[in-house]
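>>> okay, here's the prediction I keep looking at, along with the sequence it came from:
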Amino acid sequence: MTMGYVLLQNLRRNPLRTALTATAFALPMAVFVIAISIVLNLAIMSQDLAKQLRAAVHHRVSFTNFLPEGMRSRIQALDQGKNRLTAVCGMRWFGGRVPGAQNIVQSLAADHDTFPIVYPDVAMSEHEIAEWNRERRACVVGKLIAEQYGWKVGSQFSLQSSIPPYQELEFVCVKIVELSSRQSVMYFRRDYLENSLEALGAGPGGCNVFWIRARDAESLLALQRDIDAAFANSPDETKTEDENAFIAGFIQAAGNIPGLMQMLAVVVVVILGLVGGNTMMMSLRERMAELAVFKAIGFHSLRVFRLVLTESVILAIGGAAAGVIPVWALLNLIPLSVPGRGPSMPLTASWQGAAGSLFIAALIGFAAGLWPAYQAMRLKTVNALRNIGE
Amino acid sequence: MALPLKYHTRYLLVHRATTLLTVLVVAVVVGTFTWMSGFAAALGETLSVAGDPQKMVVVRRGSESEFNSALSMEDFNRLRQLEEIARDPETGEQLLSGEMLVQLQLPRRSDGGKTLANVAVRGLREVGAKVHRDVKIAGRFPGAGQREVIVGAAAARQFVGLEVGKSIALGYGGDRAFQIVGIFTAEGGPLESEIWGNVDTLMNAYNRNGYSSANLLFSTSVDAKALAARLEGPQIQLSGFTESEYWQKQAANIRVYLGFAYALVAFMFAAAVFAIANTMYATVAGRTREIAMLRTIGFRPPHILAGFLLESVLLCLLGGILGCLLCQAWLSMGGAMKDMYGATTFSTLAFVIRLTPMTVLFALLSVCIIGVLGAIFPARRAARIEVVTALRQT
């Protein structure tokens, strides 16, 4: 009689209980895999962004205050030899909406000469860069926006700004951006925007943010310090934050979804621990006599311990898989995304998320089985056998 | 004759470990649920307070909030011509308030000042206090030409450095000290999350020469829709929203998140049903002979059914009460202060999550449903036990 056979028989003995426990594991684990995927995706995104060595220079008081045009050359002048600084790209919020539509398209005007250098992760091909430089109305559009409005490369459309002077501009899409952190934002050329501002007598406009890109992590830190020091005690005091710090504010603003998800994940783990522990206690109580027989016929205590513990772990993994795998498959088929200002949070389930969930489930099964297994091991054979027949 | 209640309570006590574990499962699920409904209720309450039916927020056409709206003096003068605007019954003053909005970043108290929130700073004149008629000021309205502000009660509670007598740095360069001379309340509405100052002083500090928006009270005889249409019309070309329209829009994104979170909690509720079913099946299986005994001494199957349902509901109610207590404990430990950004204003709405009697009642009701759903099949099995066979079992 092998261990595996005993285990299988034990799980099949009370199929109802096995099914109920497995379901009670599956449902919260479905929640867990969603929660952990969101948290993981954000962690991966922030790691990727950290590699991009970008920082945002904005007005100390608020990034709704505009910084003067000339600041770009003054930032560049801080590193004449370009030993530390790769490029500076000025940006100004446009926040246009398709005429008649309710929602704002997150749209920003960017310096066209430096945009591809500061954002190599947007992955513009040489052809696309050539188009971007040639066509003044050129824009690059995040995938989610493009899908929402049905825009493709070559599409022409117009947007009306939601900030003064509320001008309407026409654009031509030259690229759809796939990069996960840029799927719900659109960039277009700032010289085009400045011209329209001047035409309305509202220029020069200035920038909300100057994005800088550094050669290495050390330079990035040094540049942050130097830039803020250079503009201290001027009317345009700056605050320079790396990209992750800059985005953190938006994530907080969007309701702190990662925080909520972490809380839900903890709740799920607690629930599963309790459910698993309860099941094992119950099945142990019913099986006292049988375990006593095992011990009487020479099963080692440690083997009984292992038997109960393994059963608990198998039940946990099996139940969790029933919850995790369908959700994982579903999210791979239909990726959802959490909309909002700032970076969108694509809710795609990574295999890391799924594997991590199963691993956590196994740990919970292990922890939940420990006490019942210990009790089974400590079982006094004589006492337990005496209970038979009562 | 129904089974005595004591029969069930004793049983819950006998199998302490199982009872405790099951109660805890329910408690954790209910605690999470209660926190979220408390959150939704607090948010809804804050926004619904801002529902003065006579008040209208006027912004530039195409702008999505007061913050990125700009009204020129001509725009404002055109508004002045509207005879729909109500007048102060005593002074005859037109109840139209030109206002300027900017944002200030302030550290949150809830996390010890680690993160910053965008707090709205609103410039207005004394007529503004009459237009926003829910507002009650303790202290005095900031004087004209004085670098003074008053702060909303929710802002004062939730952000660092907003005590009366202290100064905050305002202005385009963030370099002008404004003294806090009072606190105001707005019956818990969103205005309480703001900081108010004199509009002329603030315009000067922020180098502005026009208003952001206008707020007005219209006469009771005027239809809000007709007024909004007139504002949109060719003569004025602005956008007007009733106050509740304007603020409800701010909750749009938060509602999406809450809906998402509720869906996840629904899964956990379902899991709790299965956990209860598991426990109840085990208890029925362990008591087969006893149930047969009860049948022989005269209890009928419906009594047995009702008895087990009752036992399960008792179990769940214990969990529900514990869950509410857990939630309250979490809130008392500082988890109650919350702020969210408006969908289009991008400035913060501060509120306090409270467990209202309604929330608790709703939680306990849903717990009873879990109890019944989880026990219905085990209880039916108990009620259908074959007396003779069961008694013969060893």
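In hand now; what should we look at? Predicted, not measured: the structure shown is a model, and the values here were computed from it.
>>> so who does the nearest residue to residue B:272 once chain neighbours are set aside touch?
In space, and not counting its chain neighbours, residue B:272 is closest to residue B:29: 4.7 Å by C-beta to C-beta, 6 or more residues apart in numbering or on different chains. The C-beta positions use only the backbone N, C-alpha and C, and glycine is treated the same way. Contact analysis of residue B:29 by C-beta atoms under 8 Å, 6 or more residues apart in numbering or on different chains lists A:267, A:271, B:265, B:268, B:269, B:271, B:272, B:319, B:323.
>>> using the three-state scheme, assign residue B:29.
Three-state call for residue B:29 (DSSP: H, G, I helix; E, B strand; the rest coil): helix.
>>> sorry, back to before: among the contacts of residue B:29, which are in helices?
Counted as lying in helices by DSSP state H, out of the contacts of residue B:29, are A:267, A:271, B:265, B:268, B:269, B:271, B:272, B:319, B:323.
>>> re the thing from before, distance-wise, check the residue nearest to residue B:272 relative to residue A:53.
Note on residue B:29: its distance to residue A:53, by C-beta to C-beta, to the nearest Å, is 44 Å.
>>> closest to residue B:348 out of the contacts of residue B:29?
residue B:265 (25.2 Å; C-beta to C-beta).
>>> correct me, but that closest one touches residue B:30?
No - between residue B:265 and residue B:30 there is no contact under C-beta atoms under 8 Å: 9.7 Å.
>>> neighbour count: those two, which is higher?
residue B:30 (29 against 19; other C-beta atoms under 10 Å in any protein chain shown).
>>> could you find the closest non-adjacent residue to the more buried one?
With sequence-adjacent residues excluded and distances taken as C-beta to C-beta, 6+ apart, residue B:30 is closest to residue B:323, at 3.0 Å.
>>> list the residues that contact that neighbour.
B:26, B:27, B:28, B:29, B:30, B:31, B:33, B:34, B:363, B:367 are the contacts of residue B:323 under C-beta under 8 Å, 6+ apart.
>>> could those be laid out in a markdown table, adding pLDDT?
Shown next, in a markdown table, are the contacts of residue B:323 (pLDDT from 0 to 100):
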| residue | pLDDT |
| --- | --- |
| B:26 | 93 |
| B:27 | 94 |
| B:28 | 93 |
| B:29 | 92 |
| B:30 | 94 |
| B:31 | 93 |
| B:33 | 91 |
| B:34 | 93 |
| B:363 | 93 |
| B:367 | 94 |
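>>> which residues touch the closest residue to residue B:345 other than its chain neighbours?
Spatial nearest neighbour of residue B:345, excluding adjacent residues (C-beta to C-beta, 6+ apart): residue B:65 at 4.3 Å. Taking C-beta under 8 Å, 6+ apart as the criterion, residue B:65 is in contact with B:59, B:342, B:344, B:345, B:346.
>>> for residue B:83, same thing?
Counting by C-beta under 8 Å, 6+ apart, residue B:83 has no contacts.
>>> what does the stretch 151-300 of chain A have sitting close to chain B?
A:160-164, A:166, A:235-237, A:248-249, A:252-255, A:257, A:260, A:263-264, A:267-268, A:270-271, A:274-275, A:277-279, A:281-282, A:285-286 (C-beta under 8 Å from any C-beta of the partner chain).
>>> again, only using 6 Å
For the stretch 151-300 of chain A, the contact set with chain B under C-beta under 6 Å from any C-beta of the partner chain comprises A:160, A:162-164, A:166, A:235, A:252-253, A:255, A:264, A:267, A:270-271, A:274-275, A:277-278, A:281-282.
>>> which of the residues you listed fall within strands?
Using DSSP state E, residue A:160 are the members of these that sit in strands.
>>> can you select the buried ones among the residues of the stretch 151-300 of chain A next to chain B for me in ChimeraX?
Listed next is the ChimeraX selection for buried residues among these, using 16 or more other C-beta atoms under 10 Å in any protein chain shown:
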select /A:160,162,163,164,166,252,253,255,264,267,270,271,274,275,277,278,281,282
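>>> which stretches of chain B form helices?
Under the criterion DSSP H, helices of chain B are mapped to B:5-14, B:16-49, B:73-80, B:126-131, B:153-158, B:199-205, B:224-232, B:243-250, B:252-286, B:288-296, B:301-330, B:357-383, B:387-392.
>>> how about these, which one is nearest residue A:77?
The nearest among those, by C-beta to C-beta, is helix B:199-205 at 30.7 Å.
>>> and that closest one, how far out from the chain's middle?
In terms of C-alpha atoms, centre = their mean, to the nearest Å, the centre of helix B:199-205 is found 33 Å from the chain centre.
>>> quick one: average confidence on it?
Helix B:199-205 carries an average pLDDT of 93.
>>> ok, stretch B:318-329 next?
In this model, stretch B:318-329 has a mean pLDDT of 95.
>>> list the buried residues for that stretch?
By neighbour count on 16+ other C-beta under 10 Å, the buried set for stretch B:318-329 is B:318, B:319, B:320, B:321, B:322, B:323, B:324, B:326, B:327, B:328.
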